[in-house]
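# below are the sequence and a predicted model; questions follow.
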Amino acid sequence: MLLGSPAACTKEKAADSLAPEEAALVKTLGFDEAVFKKTPADMDAFAREVYEFCPDVVDQGVGTVHALAREMRKTGALYLWWD
C-alpha cells in the first residue's frame with residue numbers, strides 16, 4: 001500500500017498508487033495522514049510496512065511498531081512524521 005520515497009509523495013501520487021482494494025479502505029488521504037473507512041485486516045503487518053516507509057513515526061513518535069498498530073486501530077487513522 002505504501003508509496004516509495006516520502007520526498008516524492010503527493011496526495012495525487014498516493015491516491016494513484018493504491019490498488020482498488022486498498023483504496024476501498026481509505027476515507028480521506030492527505031500529505032501526512034490517511035483516515036480509514038475500514039482498517040487493514042492485518043494491522044501488525046501494515047504497521048511494519050509503515051515503519052519501513054516512514055521510521056520517524058515510530059522512532060520519534062509512538063516508540064514501537066506494536067504501539068503504532070495499536071494507535072492506528074484505536075484512531076482509525078495513520079499519521080506520518082516527516083523531518
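Done, it's in. These numbers come from a predicted model, not from an experiment.

# quick one, strands of this protein?
26-29, 33-36, 77-79 (DSSP state E).

# so which of the ones you listed gets nearest Glu71?
Closest approach to Glu71 among those is made by strand 77-79 (8.4 Å; Cβ to Cβ). All C-beta spots, glycine's among them, are computed from the backbone N, C-alpha and C.

# what residues does Tyr51 make contact with?
By Cβ atoms under 8 Å, 6 or more residues apart in numbering, Tyr51 lies in contact with 57-58, 65, 68.

# ok, Phe46 to Lys37 distance?
From Phe46 across to Lys37, the span is 14 Å (Cβ to Cβ, to the nearest Å).

# surely Val50 meets Val57?
Yes. At 6.4 Å, Val50 and Val57 qualify as touching, with contact defined as Cβ atoms under 8 Å.

# re the thing from before, who has more neighbours out of Phe46 and Lys37?
Phe46 (20 against 11; other Cβ atoms under 10 Å).
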